[in-house]
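Visitor: coordinates only, sequence not included:
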């Protein structure tokens, strides 16, 4: 059994207006797992990871990253937002976006130098985007843009990677490439948390899973808890039966 | 025109005004890039209109027309407008465009009420406040230009100092926040700089047209470059150029107002950029589009001819042109072009492919496998 807890969420409740988006979430993510967060639309998946990252102020509850508040350990966390959350017509190149991954460690005012450039180039190479590194980002395909976002997170050299639907709208080749990088991170004892939509691929890609639908339904190893019962409780329908109809 | 350009260097007053409009154009152009990239293009328009009641109130309170007093009033009023816009968006269900429209019209309306009110007052001193509607560059004094220079330098310093932070905040706010960048603070700083630039421009360009000086150079600059740094520099140059050219044109005759002319010059730069810039320009895109379509059409026809040719024992055996009649990509023009480029040879209504075509298509087929 894994001992170290990478992310610990206690009694987390988030509401935008009156209706709670997340209700009383308790969650422990052990170090070194590759975890999927699954749940229907509006289940609060993105809200949960944004709360972990301190982007949303919860009504109640606490979040700890390696036992400390997020603010004190933010250098150990890398975030990959949804691809659609930014304007890809922004005047910059792929390499430049990846270079942004080094900004957190640089601190205020200091400019990225040769060392940072090297880190960015290595990250670009890891996601196989070297041939496209000087392209304007609007001229990249959806899959390439996702790779750029992933490379930016890799450039942070963090211990925890939190990703919001990194496989959304990418083709099969890119999907496999991204998953292989995530598995490689896990093998280096990094913790990877991914908001995921394709239930078919959960057992193949992930070793840990959290079922979420406003409340936390269940969390644990895929081989133990990824079953009909939990799917039904999360999605409100008998998933497998509905699928075969 | 050339005479008036000469005036810029010889005539003291025109020289001062030109310095002012050039500085204003440069700083507005640079800060305008941030407004455009923040998707807050219309915010500048609302802010500049919101400044009007502040100008009139400052005059009512101080009783003088000293530009520093009026500009402080304008600044406070513009800040209040900005504050209201932000509050409306966060605290109500109204969307940003509605909030902008509301604040713009309410503040401007109130400003106009005040302006009409003081013009009816039996005091000759108030005449000239309506100049703030469209601006009057001729009233620029050396002190005003010095102030513009100081503010421009300060803004430039802030932008260069926090360049990395501004850039990442503009591109991806959530991510920037997640790595510990104080996005709220930077956001407020950008807004503050934009308000300052607008207030500086009120005397010259006026509340109604000020947003054009902010947005036009930025929109034009984006067309020519894919780097944020170059975009900001270019927008500064375009802005300064608009200011200088506009002043020169208006100095050539007594009846041409400076502010609107500056805006017109900026608009011409935008139009030229939208049409003629490489890569993003309309003309270039159209040409590229046509060329690609044409290339594809030729290639498809050539492929068909190749398929017909290889069905024969001798691939260079001639076939009738009529054979192609039912194929969509084929036209007399495309056949002629293919002949010109050496892809096929034609003799008396019969065509045959050349060795060049045979090799090219065979090779590209192999590559596909």
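Guide: Structure received. This one's a predicted model, so the numbers in the text were calculated from it and none came from an experiment.
Visitor: roughly how far apart are the residue lying closest to residue A:221 once chain neighbours are set aside and chain B?
Guide: Once flanking residues are discounted, residue A:221 sits nearest to residue A:208: 6.0 Å by Cβ to Cβ, 6 or more residues apart in numbering or on different chains. (Glycine included, C-beta is placed from N, CA and C.) Residue A:208 sits 22 Å away from chain B, going by Cβ to the nearest Cβ, to the nearest Å.
Visitor: again, but for residue A:18
Guide: Using Cβ to the nearest Cβ, we find residue A:18 at a distance of 14 Å from chain B.
Visitor: who's in contact with the helix or strand where residue A:11 lies?
Guide: Per DSSP states H and E: residue A:11 is located in strand A:5-15. With Cβ atoms under 8 Å, 6 or more residues apart in numbering or on different chains as the test, strand A:5-15 has contacts from A:20-33, A:44, A:47-48, A:51-52, A:56, A:58-67, A:159-160, A:191, A:193.
Visitor: phi, psi of the residue in chain B sticking out farthest from the centre?
Guide: Of all residues in chain B, residue B:313 has its C-alpha farthest from the mean position, at 61.7 Å, by Cα atoms, centre = their mean. Here is the backbone geometry of residue B:313 (degrees, to the nearest 10): phi -60, psi -50.
Visitor: now for it: which residues touch it?
Guide: When the contact criterion is Cβ under 8 Å, 6+ apart, residue B:313 has no partners at all.
Visitor: what does chain A have sitting close to chain B?
Guide: Neighbours of chain B within chain A, by Cβ under 8 Å from any Cβ of the partner chain: A:50, A:53-55, A:71, A:74-75, A:77, A:79, A:81, A:85-87, A:90-93, A:96-97, A:100, A:103-104, A:106, A:108-112, A:136, A:152, A:156.
Visitor: filter the residues you listed down to the ones in helices?
Guide: In helices, judged by DSSP state H, the following of the residues of chain A next to chain B are found: A:50, A:96, A:97, A:103, A:104, A:106, A:152.
Visitor: now the residues you listed in TSV, with distance to residue B:361, neighbour count and pLDDT?
Guide: Formatted as TSV, these follow (distance: Cβ to Cβ, whole Å; neighbours: other Cβ atoms under 10 Å in any protein chain shown; pLDDT from 0 to 100):
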residue	distance to residue B:361	neighbour count	pLDDT
A:50	54	21	93
A:96	40	24	93
A:97	40	27	95
A:103	50	25	91
A:104	53	21	86
A:106	53	15	86
A:152	42	29	95
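Visitor: now the helices for chain A?
Guide: Using DSSP H, helices in chain A cover A:45-52, A:94-99, A:103-106, A:114-126, A:142-155, A:172-187, A:202-205, A:222-225, A:228-235, A:239-244.
Visitor: which of the ones you listed sits closest to residue B:304?
Guide: Smallest distance to residue B:304 across the helices of chain A (Cβ to Cβ): 31.0 Å, for helix A:172-187.
Visitor: nearest the geometric middle of chain A, what residue?
Guide: Centroid-nearest residue in chain A: residue A:163, 1.5 Å away (criterion: Cα atoms, centre = their mean).
Visitor: spatially nearest residue to that one (excluding sequence neighbours)?
Guide: Distance criterion Cβ to Cβ, 6+ apart; nearest residue to residue A:163, sequence neighbours excluded, is residue A:80 at 4.0 Å.
Visitor: lovely, talk soon.
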